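J.: Build the 3D model from these lines:
(chains A, B, C and D, ligands or ions: 4)
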Amino acid sequence: MPWTKVFLAKEDLACFGPGEGLRGLTFVQALLEAQTQILENDPSAFVIGEGVNDSGGVFGSTLGLADRFGPKRVMDMPIAENGLTGIAAGAAAAGMRPIFVHMRMDFLPMCMDQIVNHAAKWHYMSGGALTVPLVIRSIIGRGWGSAAQHSQGLHSLFLSVPGLKIIAPSTPYDAKGLLMEAAADNNPVLVVEHRWLYGSVGYVPEAPYREPFGKALVRRPGRDCTVVAISQMVYEAMRAAADLEAQGVSVEVVDPRSLKPLDTETILASVRRTGRLVVADVACPMGGAASEIMAAVLETDPGLLAAPAVRVSFPEAPTPCSPVLEEAYYPGARHIAGAVKKTLGLSDHG
Amino acid sequence: MPWTKVFLAKEDLACFGPGEGLRGLTFVQALLEAQTQILENDPSAFVIGEGVNDSGGVFGSTLGLADRFGPKRVMDMPIAENGLTGIAAGAAAAGMRPIFVHMRMDFLPMCMDQIVNHAAKWHYMSGGALTVPLVIRSIIGRGWGSAAQHSQGLHSLFLSVPGLKIIAPSTPYDAKGLLMEAAADNNPVLVVEHRWLYGSVGYVPEAPYREPFGKALVRRPGRDCTVVAISQMVYEAMRAAADLEAQGVSVEVVDPRSLKPLDTETILASVRRTGRLVVADVACPMGGAASEIMAAVLETDPGLLAAPAVRVSFPEAPTPCSPVLEEAYYPGARHIAGAVKKTLGLSDHG
Amino acid sequence: MSTSSDCAPASPAPSRDVLRGLLETMLFIRLFEEKIVAVYPDQDMKCPVHLCIGQEAVAAGVIAHLRPGDYLTSTHRNHGHCLAKGVDPGILLAEFFGRASGCCRGKGGSMHPMSPEHGILGTSAIVGGGIPHGVGHALAAFLRGQDAISAVFFGDGASEEGSFHESLNFAALKGLPVVFVCENNHYATNSPLGARQPNPDVHRRAQGYGIPAERLDGNDVEAVYAAAGRAAAHARAGLGPYFLECVTYRWKGHVGPDCDYEKGCRPKDELFDWMERCPVKRFQSRIEDAGIMDAAGTQAMIAAISARLDAAVAWARGEKYPDAAEAVLGVYAPAEV
Amino acid sequence: MSTSSDCAPASPAPSRDVLRGLLETMLFIRLFEEKIVAVYPDQDMKCPVHLCIGQEAVAAGVIAHLRPGDYLTSTHRNHGHCLAKGVDPGILLAEFFGRASGCCRGKGGSMHPMSPEHGILGTSAIVGGGIPHGVGHALAAFLRGQDAISAVFFGDGASEEGSFHESLNFAALKGLPVVFVCENNHYATNSPLGARQPNPDVHRRAQGYGIPAERLDGNDVEAVYAAAGRAAAHARAGLGPYFLECVTYRWKGHVGPDCDYEKGCRPKDELFDWMERCPVKRFQSRIEDAGIMDAAGTQAMIAAISARLDAAVAWARGEKYPDAAEAVLGVYAPAEV
Ligand SMILES: Cc1ncc(C[n+]2csc(CCOP(=O)(O)OP(=O)(O)O)c2C)c(N)n1
Ligand SMILES: Cc1ncc(C[n+]2csc(CCOP(=O)(O)OP(=O)(O)O)c2C)c(N)n1
Ligand SMILES: [Mg+2]
Ligand SMILES: [Mg+2]
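T.: Ligands and ions are numbered 1, 2, ... in the order given. I've put the predicted structure just below:
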């Protein structure tokens, strides 16, 4: 399946070749194509967010949409995240299908009330008659001293909220397919996009398509240890797996793709095969998807594991600015490899 | 230790008798006494919140404080939770020690930005020079049709936030001791208070005292299964333990008391003894303290458990209004007992 | 009272039918709330109720200008708005009694009624939470090129929330068809306005966004009707939002069927002064004096409403509770709704 | 320009020393920012920088009235405010270069400087996030009976956030000693004000709370100095908050050292028009013309500042990076600080 393949380098894409009818796109191109097709096909859809119509186009992900669809379909907005989320939710309840874009996930705490107390609960509170089909795109920043307020992975804040769905695409194929599914969903959907994924490449069909939520994918099969990797961590895990293969360790990489609903079945099936578990997330450690995945194992059968599980995450600290501190802050392939070795009782040297 | 005892009925308190120098108080009286002594002893402390000075006094927990300490120490406020949290945080950074009171925990999403992006990060972002000693009291409601926006246990939203502390007292002794510790702490501390605890009784020393964070307590020793119970669930767990004792099942009830920091050591020591685990929380299931506790077991030694762990929590749904639905919604002693039996492979009937 | 609207179109004097209608709506709301006061001690209406007795003129006067396709957004104190917009009292009461035939199938209760066919797309009890929703409804109408307008009711307390400011700014920016209606009843729970705002003229805030705004006697249904006529015409003509601050007073405690002055929540004299200015009584004498209705007519009106409400209570109480299993169902909307 | 303040006390004409000081502060800020432009391509200042070139008169004119014990709150665009308040340029640059001797030990960077001894208790880069903090500082002073005032700087964009509204309401309610300073530079990132607000007069919002408010030419440092004198005196006299909207313009892109008109972010002519109205050049000629300084004097001033800044850059670059282990330390404050 070319769609599910993770490409660690742009060059690898060529191995399929354009002759086979496969088309390579970057993650950000896939996001843009998804939104273009959503706007083309659904007159009730509109895109709203700070700078969605400017020359940067939210890191390119909305570039050209305003020119093509006009200011009523692609709307700049005042800097008022909570109010505008409420306005978007109100428009959604009245039949529109807004896509709300945040340049940084860090701005989501501004609109927690409208997401948690309103959009997510509206369908239930109304006894089922009302729906709030609202897509909230949010981007995790990293690097160049983005620091504490411009680099957070905050999906953990939302896991406990019934009525909300959360997706975290890692490949261009999923960026398009999951976003189109989100736009078609009748519930509020939070999209977690890591900025470092924007340049990654993969094969993406041109025609519209939707990837269902709640289906994890085995990105790379392996025997010795399961690494569940979320968002940008998928790439780090693939790198770690490649490195470890050279050392005779076979790693299975599972990408949940959606965090809520969470496909624990696929994860558990993998753990059942490997007997070992590492979970890697782009978020601080406590109370997040990583702990949720571990809880699922403990609730199903702790005996599945031959060794303690290991979590790879941001540390229990805000993000620092200095490049030296940033470097120390972020976990990557090396840490995942170390964690895998730990589950196998192998020394981390060599 | 009379202080650590959980009393299921007011009458039980008498068995110690006033002659022994022990003084019984309700949970709400303990909160009030703590705040009185904080205001007496620290001129930089002040209490702020909607209705803190009115005749209801936040369910009695601030009653009389305004008369005694005046409007500069006990301040009503506009309905503007985010702004006022920022104002309180700014006052705290400038040397004051505010206690911010929310009648319902449901209002916390309004001020997530100031809690998550500001108060919790300020010490770190400043390289250690600044502190934000801010106490945030918040009350979980339940019953009489409080419904989706007035009954949430939202501590899960905060678990992943570095720089924040979270406490959940269950007894009057802890209500006073942990709140006084919170007021003395140099970090923002979120206090989770369940409304149904307000009438519960226990022995409380009159002199000021502080209970350290991060120390779980075994509320009741037992051999067969560990029940980690949070906030009001401590009472449900104690009831379940009493019922199960009659059926020959010995339950150990552990009360974490603080969720961040979380005393996993005491919990793991208990699980090591019993080999079985149930976690009960007053919150929706995903991404919360219950999953975090389970993750701790899986990361330490999955072999500690002889059977899968079981979570008892609110369902994955907002709170309904109708009494029939509320009744079905809330878990209690019966569910905890059922969960314990499940870990023991016992039938839930009889 | 003061106005900052230069461009308010003059509205024609209301017809006798309209006046009778206003009285009927006010009486309907008053008697509905009093019915709740009467049944509440039975303890089978197990949800918090925020009664609007004393504030009926605002709902009646404003909503008389709304059409079926118009939107309405309210708050925890919503009964009057729902009734005036045409929601069946039985369906509301069934909801408050937690019955399956309630407008939210028992999931919402008194704080969260909804009725899409009346343009009520859910109700928030988060103070200020509903204001942006109402603006969002107007945005939807605007984007679709519909001529529906959106009436957004909220209290003086809600005007302190950031969402109020953000909503006004956006509505004014886009020229959305919104009628903002602030029911300034001088209190938020037990906090007097003076403890929360530096100046009591909420409508002056709206002027900062260039929104035409009026402050008016919210206990005078004719004044409300006239001002709301200007507001609705303005919004419907595509001239953008309009703001009404209706000064009024609630008679009961913040929540529940009791008076709260005994609990020291506010001065008894203040309450009694306002009760003297009862919007219903006042208007009833006005139209009786004007010969539009006679005492017998109003008595008949009251009797008819009472009978309807008695029947609604009886019906609601007779309805089934939802199945307990429903508690955890309906969290996510299916693909097709 | 317009003013709504009836009670603004007249301030005495600034002395020659004050005028020279204003020029020096503006030059200092301008040259500091230009130094960043010069070193940024070396790629060793690894953090986003939001330069205030073009807006120097606001920082200089307002902060000239602040005393050491007064509080100052800023935003992502804070360099000018920090320098004017007296923060050492080397300590700032060390922070931007990620060094351990930076004001936040390398943890904050350009967006989050702090300097408690200058009353700068941290800086938020969340738009609108700092405004309530500044009000909180004033609240602390008020509660302690100190006569410190709090100057709160923010952009036109920040005035759209709910926190702006909530902060103004509270400051006015309690009569807190706050000087709100909105630097209206017509843009928030690349969004022009007209795409975000229905009317461009941000100060009119403040009037809705009864806060005296002025809109003034933020490129005229004497006008800013005079207005800020009124504002600071008002706040210090215990008369409550005061609001200044300073109309100005930034020359560089929203973030980074480049001009952004080439990227199509805004019309070139608009930028060039505003560059004609350079606050520094304009004032320099003004005081040279008035004979307060001569060209040689200003050149000497520039040379001295440049030398100091060169030394500061060299010093900062020579400083040590923090220990990598620090990344995860200092999350929680200890019991004793
Ligand atoms: C965000 C939020 N904060 C606080 C509350 C608690 N609360 C419920 S109603 C109310 C007062 C509202 O006052 P107002 O807006 O004037 O409406 P009124 O009750 O007077 O009709 C408050 C503070 C809430 N529901 N939501
Ligand atoms: C809550 C929030 N939303 C969005 C942003 C992204 N952002 C950073 S600066 C900025 C523009 C701010 O404009 P303004 O307040 O006018 O300040 P200026 O940059 O013009 O000085 C925006 C939108 C942010 N940092 N915080
Ligand atoms: Mg009110
Ligand atoms: Mg600006």
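J.: ok, now which ones touch residue 288?
T.: You didn't pick a chain, so chain A it is. Contact analysis of A:Gly288 by C-beta atoms under 8 Å, 6 or more residues apart in numbering or on different chains lists A:155-156, A:159, A:281, A:313, B:160, B:287. Yep, even glycine has a C-beta here, placed from its N, CA and C like the rest.
J.: wait, chain C
T.: C:294-295, C:298.
J.: Where neighbours are concerned, which of those has the most?
T.: C:Thr298 (19 neighbours; other C-beta atoms under 10 Å in any protein chain shown).
J.: quick one: the closest residue in space to it that isn't next to it in sequence from A:Asn186, how far?
T.: In space, and not counting its chain neighbours, C:Thr298 is closest to C:Gln284: 5.7 Å by C-beta to C-beta, 6 or more residues apart in numbering or on different chains. To A:Asn186, C:Gln284 is 47 Å away according to C-beta to C-beta, to the nearest Å.
J.: in chain A, which spans are helices?
T.: Taking DSSP state H, the helices of chain A run over residues A:27-41, A:65-69, A:81-93, A:112, A:120-125, A:172-184, A:233-246, A:264-274, A:289-300, A:323-329, A:333-343.
J.: quick one, which of the ones you listed is packed in tightest?
T.: helix A:81-93 (a mean of 31; mean count of other C-beta atoms under 10 Å in any protein chain shown).
J.: Against which helices or strands is it packed?
T.: Using 3 or more C-beta pairs under 8 Å, 6 or more residues apart in numbering or on different chains; DSSP states H and E, the elements in contact with helix A:81-93 are strand A:97-102, helix C:130-144, helix C:162-174.
J.: The last one: how far from the chain's middle?
T.: Same thing as helix C:162-174. Averaging C-alpha positions (C-alpha atoms, centre = their mean, to the nearest Å) puts helix C:162-174 20 Å from its chain's average.
J.: the inter-axis angle of it versus helix C:130-144?
T.: 20 degrees (axes from the mean of the first three to the mean of the last three C-alpha atoms, to 10 degrees).
J.: which outside residues touch the helix or strand just after helix C:162-174?
T.: Sequence order places strand C:178-184 as the next helix or strand after helix C:162-174, per DSSP states H and E. Strand C:178-184 has contacts (C-beta under 8 Å, 6+ apart) with C:55, C:58, C:62, C:77, C:131, C:134-135, C:138, C:149-156, C:158-159, C:168, C:171, C:193, C:200, C:202-203, C:206, C:211, C:218, C:228, C:231-232, C:235, C:241-248.
J.: circling back: C:Leu22 is in contact with the residue nearest to C:Thr298, correct?
T.: No: the criterion here is C-beta atoms under 8 Å, and C:Gln284 misses it with C:Leu22 at 10.4 Å.
J.: More neighbours: the two, which one.
T.: For C:Gln284 versus C:Leu22, neighbours defined as other C-beta under 10 Å are more numerous around C:Leu22 (24 against 19).
J.: how far away is A:Gly21 from chain D?
T.: 36 Å (C-beta to the nearest C-beta, to the nearest Å).
J.: what's the burial count for that residue?
T.: 10.
J.: do the same with A:Ala80
T.: So A:Ala80, with other C-beta under 10 Å, has 32 neighbours.
J.: excluding its backbone neighbours, what's nearest it?
T.: C:Glu166 (3.7 Å).
J.: ok, the one you found - contacts?
T.: A:78, A:80, A:82-84, C:132, D:160-162, D:165.
J.: Next: C:Phe142.
T.: Counted by C-beta under 8 Å, 6+ apart, C:Phe142 has contacts C:174, C:176-177.
J.: circling back to that earlier point, farthest pair in the contacts of C:Glu166?
T.: A:Leu84 and D:His165 (14.5 Å; C-beta to C-beta).
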